[in-house]
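> generate a structure from the sequence data that follows.
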Amino acid sequence: MTNRKFSLLNAFLFLAAMALFGSVLMGAQTQAKKKTAAKPGAKKAVASSSAKKKKKRAAGTGGFWTEPTFADSTAGDSVDGEDLDVRRAAVESLGRFNGSVVVANPESGRILTMVNQKLALGGGFQPCSTIKIPVALAALSEGIIDRNTPVRLYGKTTLDLTRAIAKSNNPYFANLGIKLGYERVAYYAHLFGLGEKAGLDIEGEHAGRFPKAPPKNGGVGMLTSFGEEISLTPLQLTAFMSAIANQGTLYYLQYPRSHAEVESFAPRVKRRLDIQRLIPEVLPGMFGAVEFGTARRGFQADVPFAGKTGTCSEARTHLGWFGSFNDSGPNKLVVVVLLTGGKPSIGPQAAGIAGEVYRRLAANNYFTGNHTASRLTGSGPEASIQACCGQ
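Presented below is the predicted three-dimensional model:
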């Protein structure tokens, strides 16, 4: 009797367990069906998402940026009056990147080429770390530092000006901004040409912008380390770098648009800057940037040049800046590069493009020979140069 009861109990428990297992299994299958069932528009949403991913990869932006990384940067350009040897080097060095290259003679203010004229003449972009050179000159002028002054960053860590420029150290320049204060920073920024047109009667040029008060995001420290709320144009950076290259003369940039304007070109001085004694203080850091710092991607052993990179994002546009000038041969140039788009649009990449401009020109003996600017005649063999270099 006992064994019979035990058998009946086991049978009951077995049937109950099977019923429970079946219920769980049916529930799991139902949940699986719910998850995999196609909802109205689901396939369309997946297709749309896939298309967006493909579009993002095709653009090569590395993110959802408002500007493409790659574009035809010569579209709409006019080359009349330009030095075509310089333009060819600039266009070929820029390649497929969406950006602008401006090359000028620092001894006269003449723009030799302006690749992507629409971008170069536009309203400007945040200068990122290129603002650090004006800030350094302001701090030197005010006696806050000299080249060897150790500035405390945190704890016992300090840094001098040369390495701070070469490595583009943000806390260092934020510290200088706080010591200077907004009023003095604004004074020197305007003195160096920020917030005003750099060119003389250049059609379509904008003046950029300098904020009327410290930025709400980070105050003067963000202003002097990242250029927060400043809009800088490639022409403004070109004019400022020219003043450093020529020991303190801020020229009006001029952009001859015809043979006659090239032949009658005469330099025009905007103002003299009292920075000649300060330039030797910033040059080691600017050369250091190219030799071992943030711009080392552009290093060219045969063409020494100094410069400053800038990398940041503004309104979902990644920015890569580089302002530079060479220090060899009778023909000195200022080369400024601005890249816009996705993650490849960074200061080191801009420095690499500038380095390639110098390399190509050096290969053509531009810096050692008595170079005469090539000019369009409107017909004949120049057509191939137009095709290469945009109109």
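
> CA atoms only: put stretch 339-346 into PDB for me.
Extracted in PDB, the C-alpha atoms of stretch 339-346 (Å, rounded to 0.1, in the frame of the first residue of the first chain):
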ATOM      1  CA  LEU A 339      40.200  71.600 -42.000                       C
ATOM      2  CA  THR A 340      36.500  71.000 -41.200                       C
ATOM      3  CA  GLY A 341      34.600  67.800 -40.900                       C
ATOM      4  CA  GLY A 342      34.900  64.700 -38.800                       C
ATOM      5  CA  LYS A 343      37.700  63.200 -36.700                       C
ATOM      6  CA  PRO A 344      40.500  63.400 -39.300                       C
ATOM      7  CA  SER A 345      40.000  67.200 -39.200                       C
ATOM      8  CA  ILE A 346      42.600  67.900 -36.500                       C
END
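
> tell me the buried residues in it?
When neighbours are counted by 16 or more other C-beta atoms under 10 Å, the buried residues of stretch 339-346 are found to be Leu339, Thr340, Gly341, Gly342, Pro344, Ser345, Ile346. For every residue, glycine as well, the C-beta is placed using N, CA and C.

> in a markdown table, list these along with distance to Asp85, pLDDT and secondary structure.
A markdown table is the format used below for the buried residues of stretch 339-346 (distance: C-beta to C-beta, whole Å; pLDDT from 0 to 100; DSSP: H, G, I helix; E, B strand; the rest coil):
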| residue | distance to Asp85 | pLDDT | secondary structure |
| --- | --- | --- | --- |
| Leu339 | 23 | 98 | strand |
| Thr340 | 26 | 97 | strand |
| Gly341 | 28 | 95 | strand |
| Gly342 | 31 | 92 | coil |
| Pro344 | 27 | 93 | coil |
| Ser345 | 27 | 96 | coil |
| Ile346 | 28 | 98 | coil |
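
> for the residues you listed, which one is nearest Leu161?
For Leu161, the nearest member of those is Ile346. The distance, counting by C-beta to C-beta, is 23.4 Å.

> quick test: name the residue nearest the centre of this protein.
With distances taken as C-alpha atoms, centre = their mean, the residue of the chain nearest its centroid is Gly320 (1.6 Å).

> closest to Ala243 among the buried residues of stretch 339-346?
Leu339 (23.6 Å).

> hey, what's the closest one bridged with?
Applying DSSP bridges to Leu339 yields these beta-bridge partners: Gly99, Gly320.

> so it touches Phe97, yeah?
Yes: Leu339 is within contact range of Phe97, at 5.6 Å (criterion: C-beta atoms under 8 Å).

> pull up the overlap in contacts between those two.
Shared contacts of Leu339 and Phe97, defined by C-beta atoms under 8 Å, 6 or more residues apart in numbering, are found at Ser345, Gln349, Ile353.

> for the last one, grab the count of nearby residues.
So that's Ile353. Other residues within reach of Ile353 by the criterion other C-beta atoms under 10 Å amount to 23.

> quick check on it: phi, psi?
For Ile353, the backbone dihedrals (degrees, to the nearest 10) come out as phi -70, psi -40.

> pLDDT at it, what is it?
Predicted confidence (pLDDT) at Ile353: the value is 98.

> pretty sure it is touching Leu94, no?
Yes: Ile353 sits in contact with Leu94 when judged by C-beta under 8 Å, with a separation of 5.7 Å.

> which residues do those two both contact?
When contacts are counted by C-beta under 8 Å, 6+ apart, Ile353 and Leu94 are jointly contacted by Val101, Val337.

> closest one of the shared contacts of Leu339 and Phe97 to Met114?
Ile353 (14.8 Å).

> show me what contacts the closest one?
When contacts are counted by C-beta under 8 Å, 6+ apart, Ile353 is found next to Ser93, Leu94, Gly95, Phe97, Gly99, Val101, Gly298, Phe322, Val337, Leu339.

> now flag whichever of these is closest to Asn246.
Minimum distance to Asn246 across the contacts of Ile353 is 19.1 Å, recorded for Phe322 (C-beta to C-beta).

> what about that closest one, how many residues nearby?
Residue neighbour count, defined by other C-beta under 10 Å, stands at 34 for Phe322.

> mind checking which helix or strand Ser225 is in?
Ser225 is part of helix 219-226, with elements assigned from DSSP states H and E.

> with only the CA atoms kept, save the following helix or strand past that helix in CSV.
Following helix 219-226 in sequence order, the next helix or strand is helix 234-245 (DSSP H and E). What follows is helix 234-245, C-alpha atoms only, in CSV (Å, rounded to 0.1, in the frame of the first residue of the first chain):
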residue,chain,number,x,y,z
PRO,A,234,42.1,81.9,-42.1
LEU,A,235,43.0,85.4,-43.3
GLN,A,236,43.3,86.8,-39.8
LEU,A,237,45.6,83.9,-38.8
THR,A,238,47.7,84.5,-41.9
ALA,A,239,48.1,88.2,-41.2
PHE,A,240,49.1,87.5,-37.5
MET,A,241,51.6,84.8,-38.5
SER,A,242,53.0,87.2,-41.1
ALA,A,243,53.7,89.7,-38.3
ILE,A,244,55.6,87.2,-36.3
ALA,A,245,57.6,86.1,-39.4
